[in-house]
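Novice: give me coordinates for this.
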Amino acid sequence: MNPKMLPVLNVPVKYHIEPVPPMDRPRRFLEAFAAVLRHSNYGFLLDHFSRMGAKCAMCAAECPVYQVTASDADVPCSRSELVLKTYRRHFTAEGRMMARVLGTPPLSDADIDKMTEAFYRCTACRRCNLQCPMGLDHGLITHLGRYLLSEIGIAPKALVVSVREQLQGKSGNTSAIPVPALLNTLEFLEEDLKEKFGKDIKFPVDQEGAEYVFFPAVSDYLLEPDVLMGMAAVFHATGDSWTIGTGNFDGINYGLFYNDRHFEAIVKREVAEWKRLKAKKMLIGECGHASRTAKAFIPVFGGDYKPEVVNVLEYTDRAIQSGKVKLRKDVIKERVTYHDPCNYARSGWIVDQPRRIIRSFIQDFVEMEPHGKENYCCGGGGGTVSIDEMREFRTMVGGKRKAEQLRATGAHYVIAPCANCKKQVKEVIEDHKLDMELIGLHDLILRAIEL
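Specialist: Residues are numbered from 1 along each chain as shown. A predicted model of the protein is given here:
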């Protein structure tokens with residue numbers, strides 16, 4: 001299928017969608033909508049949101065995409081209205097009655113096309129929620145809109161292919177890394193650590209009864225060796241037991257970005273691996289959405305098994321505060337800034353911990369403004385970073401505010417502790433020609449740790 005072109009100002013945006021059979025798309029969409037309402041609790045939220053929505057557009061001032069485009073299509077409450085008006089028109093008695101009286105047309109193919117474009121221009125960063133006077137969660141409505149579209153076969157190919165490999169493929173992970181390749185990579189990293197520190201620092205595999213079973217973003221095994229080695233050095237210093245499971249070593253959950261059924265299945269796979277290895281806790285690596293999906297949704301989808309979920313930044317922060325991990329303060333001399341991943345910071349969950357780590361060994365640290373809960377998205381949130389056809393839109397529109405923030409800091413290093421943010425921020429730096437370097441927090445820890 002040819003890429004669909006989506007004009008955004010003067011920036012052509014394209015992305016691949018899975019082919020949809022030539023059927024009645026509006027009817028299929030409404031059937032999927034009815035099934036979701038019947039088998040979930042979205043109905044309660046939609047009933048509340050559809051009654052409370054003020055359409056005041058206060059949310060627009062917070063949206064980094066709208067700040068660049070100034071397009072009505074990018075006002076968060078306008079985008080949410082695409083779902084809410086469909087709910088009112090087709091699934092409430094009042095809406096059906098008013099449609100008969102006023103002749104309100106039913107859902108059309110044009111409406112489906114409008115949703116397809118609108119929901120993937122949003123990064124689901126939820127910054128708009130900070131200013132909504134009615135408390136509407138526009139990110140959640142975007143999520144639901146994508147879910148409904150995916151149920152009729154409309155979803156970005158990049159997300160679909162990755163999830164299909166994770167749930168049905170031989171490798172069982174989004175990067176299609178087979179277990180022998182994983183083991184070879186870990187052996188290579190152990191040799192590097194031996195050469196650097198003169199110590200046997202191990203990556204334990206399939207060790208039953210460990211304190212932690214470790215789930216990084218699987219892409220780290222391909223792209224972020226220093227991040228992984230930094231974490232292994234921290235674990236070595238603390239002496240805590242941990243393990244990587246060959247049954248499932250991927251913390252990524254792209255179901256969060258477009259389909260709840262897949263979202264739930266991936267969470268259950270993590271719980272199954274934790275249970276298989278008889279671990280006490282679950283440790284998630286430097287990945288924002290992997291951490292949030294485990295922390296927030298294992299209690300929802302995990303059944304009777306609800307392990308404690310710890311993010312590696314929480315773990316390392318506690319290790320430094322307790323004195324188990326010591327970092328040299330004379331190693332990193334360059335100016336450093338820190339990017340808050342939305343999945344960490346928007347709820348206020350992980351904001352102070354990375355800053356305590358940074359200030360414990362970095363002398364020249366400067367904040368972006370705003371930061372913490374009010375941070376700007378990197379521009380690739382909501383899974384859009386995986387859609388390479390959207391790069392120009394992601395970096396020049398969605399990532400423009402982030403580029404301005406980065407430039408204003410004058411930093412040499414920008415720390416982005418999230419697999420998706422790492423890819424996006426690196427591309428923002430390249431496309432905006434910024435004189436700075438992307439790095440992970442445990443990359444710097446690897447350079448400064450004393451063993």
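Novice: what about residue 54, distance to residue 393?
Specialist: As judged by Cβ to Cβ, to the nearest Å, residue 54 and residue 393 stand 29 Å apart. (Glycine included, C-beta is placed from N, CA and C.)
Novice: between the two, which has more neighbouring residues?
Specialist: Each of residue 54 and residue 393 has its neighbours counted (other Cβ atoms under 10 Å); residue 393 has more, 26 against 12.
Novice: what helices or strands is the strand or helix carrying that one leaning on?
Specialist: Using DSSP states H and E, residue 393 maps to helix 391-393. With contacts defined as 3 or more Cβ pairs under 8 Å, 6 or more residues apart in numbering; DSSP states H and E, the packing partners of helix 391-393 are strand 11-15, helix 419-431.
Novice: and with 6 Å instead?
Specialist: Secondary-structure packing of helix 391-393 (3 or more Cβ pairs under 6 Å, 6 or more residues apart in numbering; DSSP states H and E): strand 11-15.
Novice: contact partners of stretch 303-315?
Specialist: 231, 271, 274-275, 281-285, 291, 294-295, 298-299, 350, 353-354 (Cβ atoms under 6 Å, 6 or more residues apart in numbering).
Novice: which of these are buried?
Specialist: By neighbour count, with 16 or more other Cβ atoms under 10 Å, the contacts of stretch 303-315 hold 231, 271, 274, 281-285, 291, 294-295, 298, 350, 353-354 as buried.
Novice: is the nearest residue to residue 325 once chain neighbours are set aside in a helix, a strand, or coil?
Specialist: Nearest non-adjacent residue to residue 325, counting by Cβ to Cβ, 6 or more residues apart in numbering: residue 319, 4.2 Å away. For residue 319, the assignment made with DSSP: H, G, I helix; E, B strand; the rest coil gives helix.
Novice: residue 319 contacts residue 238, correct?
Specialist: Yes: here residue 319 reaches residue 238: they are 5.0 Å apart, a contact under Cβ atoms under 6 Å.
Novice: residues contacting the spatially closest residue to residue 122 that is not a sequence neighbour?
Specialist: Ranked by Cβ to Cβ, 6+ apart and with sequence neighbours excluded, the top spatial neighbour of residue 122 is residue 142, at 4.7 Å. Applying Cβ under 6 Å, 6+ apart, we find residue 142 in contact with 119, 122, 124.
Novice: let's see that with 8 Å instead.
Specialist: 79, 80, 119, 122, 124, 382 (Cβ atoms under 8 Å, 6 or more residues apart in numbering).
Novice: check these and tell me the two furthest apart.
Specialist: The span of those, defined through Cβ to Cβ, is set by 80 and 382 at 14.3 Å.
Novice: more neighbours: which of those two?
Specialist: Per other Cβ under 10 Å, whichever of residue 80 and residue 382 has more neighbours is residue 80, with 29 against 26.
Novice: give me the domain ranges for this protein.
Specialist: 11-155, 160-320, 327-450 (automatic domain parsing).
Novice: need the mean per-residue confidence for the shortest one.
Specialist: Going back to what we said before, that points to domain 327-450. Per-residue pLDDT over domain 327-450 has a mean of 97.
Novice: now the end-to-end length of it.
Specialist: Start and end residues of domain 327-450 are separated by 6 Å (Cα to Cα, to the nearest Å).
Novice: and if you look at the longest one?
Specialist: Its start and end residues considered, domain 160-320 measures 40 Å (Cα to Cα).
Novice: equivalent analysis for stretch 427-435, please.
Specialist: Span of stretch 427-435 from end to end, Cα to Cα: 13 Å.
Novice: the residue nearest to residue 122 is in what secondary structure piece?
Specialist: Using DSSP H and E, the element containing residue 142 is helix 138-151.
Novice: contact partners of the next helix or strand after that helix?
Specialist: Heading C-terminal from helix 138-151, the first helix or strand you meet, by DSSP H and E, is helix 157-168. Residues from elsewhere that reach helix 157-168 (Cβ under 8 Å, 6+ apart): 15-18, 150, 171-174, 176, 250, 252, 254-255, 257-259, 262, 265-266, 269, 383, 386-388.
Novice: what about helix 157-168, distance to the chain center?
Specialist: Using Cα atoms, centre = their mean, to the nearest Å, the mean C-alpha position of helix 157-168 is found 16 Å from that of the whole chain.
Novice: over to stretch 161-171?
Specialist: Between the centre of stretch 161-171 and the centre of its host chain there is 18 Å, according to Cα atoms, centre = their mean.
Novice: again with stretch 135-144
Specialist: On Cα atoms, centre = their mean, the centre of stretch 135-144 falls 15 Å from the chain's centre.
Novice: kindly export that stretch (C-alpha atoms) in PDB.
Specialist: The C-alpha coordinates for stretch 135-144 follow below in PDB (Å, rounded to 0.1, in the frame of the first residue of the first chain):
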ATOM      1  CA  GLY A 135      -9.800  17.200  34.100                       C
ATOM      2  CA  LEU A 136     -10.100  15.500  30.700                       C
ATOM      3  CA  ASP A 137      -7.300  13.000  29.800                       C
ATOM      4  CA  HIS A 138      -6.800  13.800  26.100                       C
ATOM      5  CA  GLY A 139      -3.900  11.300  25.900                       C
ATOM      6  CA  LEU A 140      -6.300   8.500  27.000                       C
ATOM      7  CA  ILE A 141      -8.800   9.500  24.400                       C
ATOM      8  CA  THR A 142      -6.100   9.500  21.700                       C
ATOM      9  CA  HIS A 143      -5.100   6.000  23.000                       C
ATOM     10  CA  LEU A 144      -8.700   4.800  22.700                       C
END
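Novice: tell me the mean pLDDT for that stretch?
Specialist: 94.
Novice: same check, this time on stretch 239-254
Specialist: 97.
Novice: check which residues of it are buried.
Specialist: Buried residues in stretch 239-254 (16+ other Cβ under 10 Å): 240, 242, 243, 244, 245, 248, 249, 250, 251, 252, 253, 254.
Novice: ok, the fourth one touching residue 212?
Specialist: No: with contact taken as Cβ atoms under 8 Å, residue 244 and residue 212 are classed as non-touching, separated by 10.0 Å.
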